[in-house]
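1. Need a 3D model of the following:
(chains A and B)
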Amino acid sequence: MSAVRTFVDLLAARRAPATLLARDWDGVIGVARSEAMLATLAYRLVDADVPRAVAALFADQRAAAKVAQAQALWEAEMARRALAPAGIEFVLLKGAAYAAADMACAAGRQIGDLDILVLASDIRRAENLLLKAGWEWVKSDPYDDAYYREHMHELPPMIHKVRDRMIDVHHTILPRTHRITPDALALMSDAVKSGSGYAVLNPADMACHCAAHMLADGDLQGGLRNLWDFHMMTREFALADAGYWGKLDARADLHGLRAPVHRAARLARDLYGAELPGEWDRQDPADAWFRRRLLARDDWGRVTDPLLEQAFYIRSHWLRMPPAMLARHLWTKWRKR
Amino acid sequence: MRHSTRIAVGPVQFRIGSDWAEPIAALDRLYAGYPCDDARPADATVRLFAARPWRRRLRPSVHIGGDFIVPDALPLPLSMGLLAAEMGMNLQVALGWRRHMLLHASAVAKDGRALIMSGESGSGKSTLAALLGEKGGEGDWRLMGDEFTLIDPAAGDAFAFPRAVSLKNDAIAEVAAHVDPVRLGPLLAATPKGDIRHLIPRASAIAAMHEPARPALLLFPRFGGETAIEPMGEGEAFVRLTEASTNYVALGEAGFAALTRLVRETPAFGISYPDSATGIALVEQLWAETAR
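-> Below is the predicted model:
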């Protein structure tokens, strides 16, 4: 069995770690690292019967993830100190939100940049306040800068000059030019307070954003991790609220995200063994391509199917912008090479 | 991958894969005397690969990858495959290892106590460590490593990472004069880091690679210029070592505690020396007079 399959089976608890041969761990660890999920696996198998060397590596990973999450939440606090005095409210997105809300998917989850969502009407002020508080622009290219401002769902990325940490300030969750336009105002106004005091998206919106980010925006890089987030959060929310799946349906409709949300749920079922309610539990032949893309890694952590990877990359651009604009964008980018 | 090998250096078990046989054969020769537990899963993966399939044979160039990748890093010609492997191993440790605080420093040990030398490339820290490691009979100095010294955050002990020593430029002839030629790797001439030749550490240093040593002296050598010894305050040593550590920030509070303790408990000096013989004499003098 391939390492990526074994890795997914271990996460889904379909396979007992004790049944792995010592050498199987090489590939599993390699794949987990490639997917930035080694600490996630380490938490998943915290009490499991694994070889001594693996147990030691897992302990390192759990300790490192704890420090990294504390550092990520510190960035959230820094953003709060920059924005709150001016009355700008923001909602934490993705990894920082999961950690702030102490969700199951946060255990070991790598958090890269700090992603926050603000009202579109606040975005200029937010940018100015962050610049004053020590963040600076990363992109020096005027085309890239203009591209972000005109067409994207976020400001050009900024990095803090002392702490060297990036912040992405969003005003919605999909590019402006995307075929789908989620209701950004509803995302903001219906956000909820997490236990740590930060605002996060409400449970249905959070899953909508996760699915949109994975299936409607990106090219499925890091897809196994995003799918794991989706799987763990929907499971957690459904356990706490029997009506969750219905609410998710309604909210996905509101944002125009029914297709990606349903596909994410089916993929979570196929790969991680999610249990879905009847009306979600369908089959779609096209899912096979997504599964293939998600599992396209060999035992050395390399992408095994470059053509499929390329196809998903092109797809992500196709969804992001209308054809004429895509042509113009690619032409400009190509001339800059 | 087509070719692969497994190497354990200190606490790190590597798995190294390559599109070519040559770098693996060269590694296997350098690391033949290292302990090898085939059943032990790898902590870190290094990949040496051709960016396009035809570049395996046509002007073969070796890209360095693995668990961690430096984007836009330039590939090396196949003749420098061993250097590519060394850089790949360093990269995975520098970016991936979390069990210890990593210091970009060489170290030698005597009687369970460690002398740690930190400095930029060209400071002579590797050469001094290599020469000390070859000095006298067995049982004198033990080479702990020429690239990384690992500090256990809980106990404060230093752990060895005795990879094959990477001798550069003038240091090659200087060290080669003291050692059996079978312990030297092939000469890699005119690499981006200058001429390089690897030295296999003494068997006793490899056999003792899991033994901790108590940090006893911190030196910041500078090769060239007048002979000088300058005592260094805790603050300066601390700042220099934060810059010399690849995972100080990632370790958070544990890293801060480990480093604070290291500079508080260990005397530190900057030393300048015009040649290696003087350098060795300075080190021995400071060790005798000040080492804890």
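
2. who touches the residue nearest the centre of chain B in this structure?
-> Centroid-nearest residue in chain B: B:E147, 2.0 Å away (criterion: CA atoms, centre = their mean). Applying CB atoms under 8 Å, 6 or more residues apart in numbering or on different chains, one finds that B:E147 lies in contact with B:N90, B:H104, B:S106, B:S126, B:F161, B:R163, B:S166. Every C-beta, even on glycine, is put in place using the N, C-alpha and C of the backbone.

3. now those residues as TSV including secondary structure?
-> Formatted as TSV, the contacts of B:E147 follow (DSSP: H, G, I helix; E, B strand; the rest coil):
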residue	secondary structure
B:N90	helix
B:H104	strand
B:S106	strand
B:S126	helix
B:F161	coil
B:R163	coil
B:S166	strand
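
4. What's the separation between A:C208 and A:R282?
-> 19 Å (CB to CB, to the nearest Å).

5. neighbour-wise, which of these two wins?
-> Using other CB atoms under 10 Å in any protein chain shown, the more surrounded residue of A:C208 and A:R282 is A:C208, with 30 against 12.

6. hang on, the more buried one is in a helix, isn't it?
-> Yes. A:C208: assigned to a helix according to three-state DSSP.

7. in terms of contact, does it touch A:A184 like I think?
-> No. With contact defined as CB atoms under 8 Å, A:C208 does not reach A:A184; the gap is 11.8 Å.

8. Can you name every helix or strand that the helix ranked longest in chain A contacts?
-> What stands out as the longest helix in chain A, according to DSSP state H, is helix A:52-83. Judged by 3 or more CB pairs under 8 Å, 6 or more residues apart in numbering or on different chains; DSSP states H and E, helix A:52-83 is in contact with helix A:24-34, helix A:38-44, helix A:94-100, strand A:114-117, helix A:123-132, helix B:248-251, helix B:253-265.

9. The worst-scoring helix or strand of chain A on mean pLDDT close to chain B?
-> Least confident helix or strand, chain A: helix A:323-336 with a mean of 77, by mean pLDDT, DSSP states H and E. No. For a cut-off given as CB under 8 Å from any CB of the partner chain, helix A:323-336 has no contacts with chain B; the smallest distance is 15.7 Å.

10. Give me the helices and strands touching that helix, please.
-> helix A:142-151, helix A:306-320.

11. Give me the nearest residue to A:L73, chain neighbours excluded.
-> A:A99 (5.9 Å; CB to CB, 6 or more residues apart in numbering or on different chains).

12. what domains does the record give for chain B?
-> What automatic domain parsing lists as the domains of chain B is B:3-96, B:101-290.

13. Endpoints of the shortest one, how far apart?
-> Start-to-end span of domain B:3-96 (CA to CA, to the nearest Å) is 23 Å.

14. Distance of the closest residue to chain A within the stretch 101-250 of chain B relative to A:I123?
-> Closest residue of the stretch 101-250 of chain B to chain A, CB to the nearest CB: B:A250 (6.4 Å). Distance of B:A250 to A:I123, given as CB to CB: 32 Å.

15. can you check B:L48 too?
-> 46 Å.

16. Who has more neighbours out of the two?
-> For B:L48 versus A:I123, neighbours defined as other CB under 10 Å are more numerous around B:L48 (30 against 17).

17. Confirm that the more buried one lies within a helix, as I assumed.
-> No. If the criterion is three-state DSSP, then B:L48 is strand and not within a helix.

18. quick check, stretch A:222-239 touching chain B?
-> No. Legend: contact between stretch A:222-239 and chain B by CB under 8 Å from any CB is lacking; minimum distance shown is 14.5 Å.

19. still on that earlier bit, mind pulling up the phi and psi values for the residue nearest to the centre of chain B?
-> Main-chain torsions, B:E147, degrees, to the nearest 10: phi -120, psi -50.

20. Tell me the spacing between the residue in the stretch 51-200 of chain A positioned nearest to chain B and B:G119.
-> Nearest residue of the stretch 51-200 of chain A to chain B: A:V67, at 3.6 Å (CB to the nearest CB). Note on A:V67: its distance to B:G119, by CB to CB, is 28 Å.

21. between these two, who's got more neighbours?
-> Comparing A:V67 with B:G119 by other CB under 10 Å, the one with more neighbours is B:G119, at 22 against 17.

22. Correct me if wrong: that one contacts B:L128.
-> No. Using CB under 8 Å, B:G119 is not in contact with B:L128; the gap is 9.4 Å.

23. between the two, what contacts are shared?
-> The contact sets of B:G119 and B:L128 overlap at B:P221 (CB under 8 Å, 6+ apart).

24. which ones are touching the residue nearest to A:L73?
-> By CB under 8 Å, 6+ apart, the residues touching A:A99 are A:Q69, A:A72, A:L73, A:A106, A:R109, A:I111.

25. tally of neighbours for the second one?
-> By the criterion of other CB under 10 Å, A:A72 has 22 neighbours.

26. Could you report the pLDDT at it?
-> Looking at A:A72, its pLDDT is 96.

27. Next: the fifth one.
-> Looking at A:R109, its pLDDT is 97.

28. tell me, which of the helices and strands packed on helix A:323-336 is the model least confident about?
-> Among these, helix A:142-151 scores lowest, at a mean of 81.

29. Give me the helices and strands touching it, please.
-> Applying 3+ CB pairs under 8 Å, 6+ apart, one finds that helix A:142-151 makes contact with helix A:323-336.

30. May I see the buried residues of the helix it packs on?
-> Buried positions in helix A:323-336, judged by neighbour count with 16 or more other CB atoms under 10 Å in any protein chain shown: A:L326, A:H329.

31. So what's the residue count around B:T260?
-> Using other CB under 10 Å, B:T260 has 12 other residues around it.

32. so where do the helices sit in chain B?
-> Under the criterion DSSP H, helices of chain B are mapped to B:21-30, B:81-96, B:125-134, B:170-176, B:203-207, B:234-244, B:248-251, B:253-265, B:276-290.

33. contacts for the last one?
-> Read it as helix B:276-290. So helix B:276-290 is contacted by B:110, B:115, B:124, B:127-128, B:131-132, B:135, B:174, B:216-217, B:219, B:221, B:223, B:227, B:229, B:267, B:269, B:271, B:273 (CB under 8 Å, 6+ apart).

34. these two touch, right, A:G218 and A:R315?
-> No. Counting by CB under 8 Å, A:G218 stays clear of A:R315, with 9.9 Å between them.

35. Output the below-cut-off pLDDT ranges for the chain.
-> Picking chain A for this. Residues of chain A meeting the criterion pLDDT under 70: A:337.

36. wrong one, chain B
-> Per-residue confidence of chain B (counting by pLDDT under 70) places the weak regions at B:136-139.

37. What parts of it come near chain A?
-> B:1, B:13, B:15, B:17, B:39-43, B:45, B:47, B:66-67, B:96-99, B:250-254.

38. Generate a PyMOL selection restricted to the buried subset of these.
-> Entered in PyMOL, the line below selects the buried ones among the residues of chain B next to chain A, by 16+ other CB under 10 Å:
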select buried, chain B and resi 1+13+15+17+40+41+42+43+45+47+66+67+96+97+98+99+250+251+252+254
